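In: here is a sequence with its predicted model. Questions after.
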2 protein chains.
Amino acid sequence: MKRVEQILSGDIRTAAKLIRDIDDGIPDSREVLKALYPHTGKAYVIGVSGFPGVGKSTLVDQMIQAYREAGKSLGVLAVDPTSPFSGGAILGDRVRMQRHGTDPEVFIRSMATRGYFGGLTRSTRSVIDVLDAMGKDIIIVETVGVGQDEVDIVNTAHTTIIVLIPGMGDDIQAMKAGILEVADIFVINKAEREGLEKTMHELRAMLDMNAQAPAEGKWEPPIVAAEAIKNQGVPELLSKIETHKSFLFDHASTHLREHLRKKAFHELVDTIKERFVAEIIHDLERSEKFKQMIDDLADKKTDPVSLCEQIMAERMKKVPKVR
Amino acid sequence: MKRVEQILSGDIRTAAKLIRDIDDGIPDSREVLKALYPHTGKAYVIGVSGFPGVGKSTLVDQMIQAYREAGKSLGVLAVDPTSPFSGGAILGDRVRMQRHGTDPEVFIRSMATRGYFGGLTRSTRSVIDVLDAMGKDIIIVETVGVGQDEVDIVNTAHTTIIVLIPGMGDDIQAMKAGILEVADIFVINKAEREGLEKTMHELRAMLDMNAQAPAEGKWEPPIVAAEAIKNQGVPELLSKIETHKSFLFDHASTHLREHLRKKAFHELVDTIKERFVAEIIHDLERSEKFKQMIDDLADKKTDPVSLCEQIMAERMKKVPKVR
């Protein structure tokens, strides 16, 4: 396929078009993705997540700068409706944080518009694959860090960075349930604010509690204090990312294999979620009984669980035969 | 079923147990939900959504107080990992915002722990059904307002309130894509802060732009300025909710029917999403070929789309027959 070759050679125009097609769910894009898939897995993927207002975009901007100075090419994907990156895209406006906008080695995309309605995780993974196939050395994915979508996206990254700010004690405790477990590195940004020591201490205590019996060869997430706007803490962050990369790629260990298998599993689950459900709903909507089904539900003549069981019985084969 | 009768009579202990079972995905709870379903649809459901830090919980607390003074019973569901309601629940700690905690007519639950991993929307709807079947007059659902999950939850409510604060211009623009469209009422909380007029103006301009040709009999979302902590703006908010309720229940119109059908459709889609995918993944994980499939994916010997198509061909019947 011509498109595949163009993307493998790093063609920005073709990649941008394909990403739009993925975002719009155009079926043709699936065939290109299939062909690109064997060429992925070379880029190093870094996830950056955190609540709105913690300064993720500023941090990402400084990371881009630092990686450029080290001669790396970058793909940046903002999956955050409050990010200036995606904000620009939504408004059809200029991207405000654009000091890297004219650098051909930095390719910035956003996935904000689809953020509210299904398929986000799947499309995000696909866009990461495109950036990867383009030959980018580093891919940075910025997400807003609340909810299941973000955890799923973050599962794709080699190194996941959670950004906090001083005084977020309550939020840290609330995040414990899901986000803490996926973090490889914590950044406490806006470190000049009151409460840095307290927040670092609380976070460390919670991590220690979570770890309980520290397993041999298990990664212990470091905490980096930063003031991204002044570029403080960014070199230390990059050095921690490098350390985590070495940990993952240590040939004597199985960490990378575990990461790849976990990623593969999530890719498959996401694809099943999207494709099966889309096909079933699509078929239902075309069927004559659909209007009646919805009316019956609205009138409480049936319930969603019974209706779903009926649809499953009609649509799925009884014996699971998986080759 | 004894449990069904107990919940219909408003028994708090049985309801609390059922909600835990739903949260834990215990299959037995499905049968109870089926039996409760015909008894739902009596409560008035209000969704309150917005980013962390806008003061949603304080607003909800004041709303509870006002509805109690009007003699209404309430169910409150916090689906927000940063909410003091759910924060308390996560920590096994006392619920901090507990002035209504001892009032038997106010039943407060939270769904924070499952927020990061699947099934959230489905479980939230089910818990709303339980509160509804208990005979609560008003159900308030608080969500954190970022991402698809929240929009899905909000689709369940009769009246959806989006809470903003002055100076959120950029965030409003970013939210445009999804949240603006689902809002029935906007509250600009912390109205004492600088930028109230500007934010109201920007929001109004965006709503007018969205509306374009204002359709006859279409609801135009009002904007309420509030200072929830001082209870300012709360009576006005309740009056707007009442106006919206009258709009929905106007017998000459089809608004309520549209709402019920939309809700029924989303209930069905959520159930399909959860049940089909869960069953397929469950079967896959038990199958002998599963490990090999994941290894092949991790080794890029196949791709998720091709693998999913293969699984679909094996699991789904070709001809959709929906009764």
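Out: On my side now, so go ahead.
In: which stretches in the stretch 151-300 of chain A count as strands?
Out: A:159-164, A:185-188, A:223-225 (DSSP state E, counting those that start in this stretch).
In: of all these, which one is nearest residue B:101?
Out: strand A:159-164 (29.5 Å; CB to CB). Just so you know, the C-beta spots here come from the backbone N, C-alpha and C atoms, and that holds for glycine as well.
In: does the closest one reach chain B?
Out: No. Strand A:159-164 lies out of reach of chain B by CB under 8 Å from any CB of the partner chain, never closer than 12.4 Å.
In: so what are the sheet partners of that strand and their directions?
Out: strand A:44-49 (parallel), strand A:185-188 (parallel) (DSSP bridges).
In: for the residue nearest to residue A:164 when sequence neighbours are not counted, give me its contacts.
Out: Once flanking residues are discounted, residue A:164 sits nearest to residue A:188: 5.2 Å by CB to CB, 6 or more residues apart in numbering or on different chains. The contact partners of residue A:188, by CB atoms under 8 Å, 6 or more residues apart in numbering or on different chains, come to A:163-166, A:196, A:199-200, A:203, A:223-226.
In: most neighbours, which of those?
Out: residue A:163 (27 neighbours; other CB atoms under 10 Å in any protein chain shown).
In: got a pLDDT number for the closest residue to that residue other than its chain neighbours?
Out: Using CB to CB, 6+ apart and skipping residues adjacent in sequence, the residue nearest residue A:163 is residue A:50, 3.5 Å away. Looking at residue A:50, its pLDDT is 79.
In: ok, the residue nearest to residue A:183 when sequence neighbours are not counted - how many residues close by?
Out: In this structure, residue A:183 finds its nearest non-sequential neighbour in residue A:162, 4.2 Å apart by CB to CB, 6+ apart. Neighbour count for residue A:162, taken as other CB under 10 Å: 27.
In: and for residue A:54?
Out: 24.
In: hmm, back to that, wait, the residue nearest to residue A:183 touches residue A:189, no?
Out: No. If you go by CB atoms under 8 Å, residue A:162 and residue A:189 don't touch, sitting 10.5 Å apart.
In: dump the strands paired with strand A:159-164 to CSV, plus distance to residue A:261.
Out: Below are these laid out as CSV (distance: least, CB to CB, whole Å):
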stretch, distance to residue A:261
strand A:44-49, 16
strand A:185-188, 22
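In: before we move on, the earlier item: now the residue nearest to residue A:163: phi and psi?
Out: The phi/psi pair for residue A:50 (degrees, to the nearest 10) reads phi 160, psi 160.
In: could you do residue A:157 as well?
Out: Main-chain torsions, residue A:157, degrees, to the nearest 10: phi -80, psi 150.
In: which stretches of the stretch 1-150 of chain A have low pLDDT?
Out: Applying pLDDT under 70 to the stretch 1-150 of chain A picks out residues A:52, A:80-98, A:112-121, A:145-150.
In: wait, which of the strands paired with strand A:159-164 is closest to residue A:123?
Out: strand A:44-49 (15.5 Å).
In: tell me the pLDDT at residue A:179?
Out: 62.
In: hey, what's the residue nearest to residue A:164 bridged with?
Out: In beta-bridge terms (that is, DSSP bridges), residue A:188 pairs with residue A:164, residue A:225.
In: for stretch A:3-18, give me every contacting residue.
Out: So stretch A:3-18 is in contact with A:29, A:32, A:35-36, A:39, A:104, A:107, A:109, A:130-131, A:133-135, going by CB under 8 Å, 6+ apart.
In: ok, so of those, who is nearest residue B:231?
Out: Distances from residue B:231 to the contacts of stretch A:3-18, taken by CB to CB, are shortest for residue A:109, at 45.1 Å.
In: show me the beta-bridge partners of that closest one.
Out: Once the bridges are assigned, which here means DSSP bridges, residue A:109 pairs with residue A:77.
In: need the contact list for residue A:40.
Out: A:129, A:132-133, B:300.
In: go with 6 Å
Out: A:129, A:132-133 (CB atoms under 6 Å, 6 or more residues apart in numbering or on different chains).
In: turn the residues you listed into a markdown table, columns for neighbour count.
Out: Putting the contacts of residue A:40 into a markdown table (neighbours: other CB atoms under 10 Å in any protein chain shown) gives the following:
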| residue | neighbour count |
| --- | --- |
| A:129 | 25 |
| A:132 | 20 |
| A:133 | 25 |
